[in-house]
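Student: the following block contains a protein sequence and its predicted model.
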Amino acid sequence: MLVSSAAHPVFSGLQPAAVWAHFATLCRIPRASKHEAALRDDLLAWAEGRGLAAEVDAVGNLLVCKPAMPGREGAPAVVLQAHLDMVCQKNGDSDHDFLRDPIVPVLDDGWLRAEKTTLGADNGIGVALILAVLASDDIAHGPIEALLTVDEEAGMGGARGLAPGLLQGRLMLNLDTEAWGEFYLGCAGGLDVNVERPGRPDAVPDDHQGWQIVLHGLRGGHSGVDIHEGRGNAIKLLVRVLRRLEADFPLRLAALQGGTARNALPREAVASFALPRGMGDGLVAAVAELEALLRGELQGVDEGLMLAVSPCATDSLLAPAEQALWLATLHAAPHGVRGMSRQVPGVVETSNNLGMVDLRPAGGSCNFMVRSLLDSGSTALADEIVSLWALSGTAATTDGYYPGWAPNPASALLKTCQAVYRRDFAADSTVQVIHAGLECGIIGAKYPGLDIVSFGPTIRGAHAPGERVEVASVARCWQLLTAILAELR
């Protein structure tokens, strides 16, 4: 059953109260990707308790239907869409368990954030706005279909599995973008490249000592929204450090791990290795020099980078040939912006994020998430990455392809949204295309002719600890959403 905002002191006094009460529920119930069942079941029971028709489809999406308000039966049906899951990222010094622990929000100078974890405003605020519409008895609207999908952040599995014919509405408002005052009309598509390679452990020589380097302090962020800023990638940077150290030390690699989410810029990475005894002082000095070098290169962007070196235990090592192959290929692999759009100035067209690596003596794996406004652009870059790994006979496969959302400048729904925004806020909105992936392209492909517009409140730092949402923009979103629904007749 939905908790009240009074149960969470941080929400006391925030407006609109109904929206924040629902977001309090989303903070209370863990909702990592592929683990949304507890939240979905809670919302299903809540909807049925209100007498609303609700169902869970074959892949776990929740659909709740609300009839039109009296006198608005002739208005067009509107699909309100958002996703239930959130990106689960935390700082290295946090013991938060995303499968059990509630999110603990903090109110800070007009922004709601979480202390050492992601907040889940992406896309929890969108879900909360939709639930508030379903709960309201006094806003004007036609028939509402609330589609709350699962598994968006881990591959858009909910949207992929959505059956054609389930939705009846021909208009859709997606509430999963993060800049107030902007209407989104298109987004990137993409796919994943997954790499796996077996290995055979080597023994640690008796005269060697184990060492560990931790690279941390990076900002991280959304691998689509923030990719153009040139923020540091912990995996790429630590690979560079290891290769530089190889030039001066007989370094034998034991493990390399970095990143925890495919769609987040990796903030931390750790490598363990062995060196002949007596080389520790030289190693510490070399790492300090490399830290200063990298911080200088990232000045103004990610200058919080830190390298920490310390002794550690090592049980086994990569074979020398495997070490050379992995470090060289990870170093050569692309990351970041490949090209900017010629059709939409200022927007990234194609990019790639080396988001996760897990390398051990018995074998390793890594993941690349490729995005592009052009479907051919994402498949071409993915094929380059597959081809790079093929040079060493390493298995690299593509998975999870999803289409982009092609803009429709003639959208009648967009014109309504713009007119309502201009009337109610005495300003002009802007129209954007986002490099991040939205479910709109997948849903639109299943429902040809569906008129879709996306908007949302101002969210900063999505997919990284410290993610925050501007409280005032949530109130404005609620005002805009309810006004658009009232305008559609």
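Tutor: Done, it's in.
Student: contacts, neighbours, all on C-alpha from now
Tutor: Will do.
Student: domain map for this protein?
Tutor: What automatic domain parsing lists as the domains of the chain is 5-187+404-487, 191-402.
Student: quote the end-to-end distance of the shortest one.
Tutor: One end of domain 191-402 to the other measures 6 Å (Cα to Cα, to the nearest Å).
Student: and what of stretch 384-404?
Tutor: With Cα to Cα as the measure, stretch 384-404 spans 20 Å from end to end.
Student: need the domains of the chain in CSV with mean pLDDT and mean neighbour count, can you?
Tutor: CSV is the format used below for those (pLDDT from 0 to 100; neighbours: other Cα atoms under 10 Å):
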stretch, mean pLDDT, mean neighbour count
domain 5-187+404-487, 95, 20
domain 191-402, 96, 19
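Student: so what's Ser310 up against?
Tutor: By Cα atoms under 8 Å, 6 or more residues apart in numbering, Ser310 lies in contact with Trp211, Gln212, Ile213.
Student: measure how far the helix or strand that contains the second one is from the centre of its chain, please.
Tutor: According to DSSP states H and E, Gln212 maps onto strand 208-216. When distances are taken as Cα atoms, centre = their mean, to the nearest Å, strand 208-216 is centred 29 Å away from the chain's centroid.
Student: identify the residues contacting it?
Tutor: Under Cα under 8 Å, 6+ apart, the answer for strand 208-216 is 234, 238, 267-277, 305-314.
Student: likewise stretch 218-226?
Tutor: For stretch 218-226, the external contacting residues (Cα under 8 Å, 6+ apart) are 231-234, 263-268, 302-305, 351, 353, 371, 434-437, 461-464.
Student: what about those residues, which are in helices?
Tutor: The members of the contacts of stretch 218-226 that map onto helices under DSSP state H are Ala234.
Student: okay, Gly210 and Ala324: tell me how far apart.
Tutor: Counting by Cα to Cα - Gly210 and Ala324 are separated by 19 Å.
Student: ugh, typo on my part, it should be Gly280
Tutor: Going from Gly280 to Ala324 by Cα to Cα gives 22 Å.
Student: can you check Ile103 too?
Tutor: From Ile103 across to Ala324, the span is 42 Å (Cα to Cα).
Student: what do you get for Cys88?
Tutor: From Cys88 to Ala324 the distance is 32 Å (Cα to Cα).
Student: can you give me the helices for the stretch 101-250 of the chain?
Tutor: 121-135, 157-161, 234-246 (DSSP state H, counting those that start in this stretch).
Student: possible to save the ones you listed as a markdown table with distance to Gly363?
Tutor: Putting these into a markdown table (distance: least, Cα to Cα, whole Å) gives the following:
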| stretch | distance to Gly363 |
| --- | --- |
| helix 121-135 | 34 |
| helix 157-161 | 28 |
| helix 234-246 | 17 |
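Student: right, and those helices - which one's nearest Arg489?
Tutor: Closest to Arg489 of the helices of the stretch 101-250 of the chain is helix 121-135 (Cα to Cα; 16.8 Å).
Student: which other helices and strands does the closest one contact?
Tutor: In this structure, helix 121-135 packs against helix 17-28, strand 78-83, helix 471-487, with contacts taken as 3 or more Cα pairs under 8 Å, 6 or more residues apart in numbering; DSSP states H and E.
Student: give me that answer again for 6 Å
Tutor: helix 17-28, strand 78-83 (3 or more Cα pairs under 6 Å, 6 or more residues apart in numbering; DSSP states H and E).
Student: what's the shortest one in contact with?
Tutor: Contacts with strand 78-83, where a contact means Cα atoms under 6 Å, 6 or more residues apart in numbering, come from 123, 126-127, 144-150, 169, 171-175.
Student: max pairwise distance over these: which two?
Tutor: Between any two of those, the greatest separation by Cα to Cα is 21.8 Å, found for Asn123 and Gly169.
Student: nearest to Gly190, of the contacts of Ser310?
Tutor: Ile213 (32.8 Å).
Student: ok, and the closest non-adjacent residue to that closest one?
Tutor: Of all residues not flanking Ile213 in the chain, Val309 sits nearest, at 4.5 Å (Cα to Cα, 6 or more residues apart in numbering).
Student: how about Val150?
Tutor: Gly158 (4.7 Å).
Student: and the helix or strand where Leu359 lies, what does it pack onto?
Tutor: Taking DSSP H and E as the criterion, Leu359 maps to strand 348-360. Judged by 3+ Cα pairs under 6 Å, 6+ apart, strand 348-360 is in contact with strand 252-258, strand 336-340, strand 363-372.
Student: could these go into JSON lines alongside distance to Leu450?
Tutor: Conversion of the helices and strands packed on strand 348-360 to JSON lines gives the following (distance: least, Cα to Cα, whole Å):
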{"stretch": "strand 252-258", "distance to Leu450": "40"}
{"stretch": "strand 336-340", "distance to Leu450": "28"}
{"stretch": "strand 363-372", "distance to Leu450": "22"}
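Student: wait, which of those strands is closest to Leu14?
Tutor: Nearest to Leu14, of all the helices and strands packed on strand 348-360, is strand 363-372, at 36.6 Å by Cα to Cα.
Student: from the chain's centroid, how far away is the very next helix or strand once past that closest one?
Tutor: Once the chain leaves strand 363-372, the next helix or strand it forms, by DSSP H and E, is helix 375-390. Distance of helix 375-390 from the chain centroid (Cα atoms, centre = their mean) equals 22 Å.
Student: any residues touching helix 375-390, and which ones?
Tutor: Gly190, Val370, Arg371, Ser372, Ala396.
Student: quick one: Leu283 and Asp95, what's the gap?
Tutor: Using Cα to Cα, Leu283 is found at 30 Å from Asp95.
Student: and if you look at Val59?
Tutor: Using Cα to Cα, Val59 is found at 31 Å from Asp95.
Student: repeat that for Asp207.
Tutor: 36 Å.
Student: what's the answer for Gln168, then?
Tutor: Separation of Gln168 from Asp95 (Cα to Cα): 44 Å.
Student: quick check on the residue nearest to Gly60 when sequence neighbours are not counted: phi, psi?
Tutor: Excluding its sequence neighbours, the residue lying closest to Gly60 (Cα to Cα, 6+ apart) is Val150, at 6.4 Å. Backbone torsions of Val150, given as degrees, to the nearest 10, read phi -110, psi 160.
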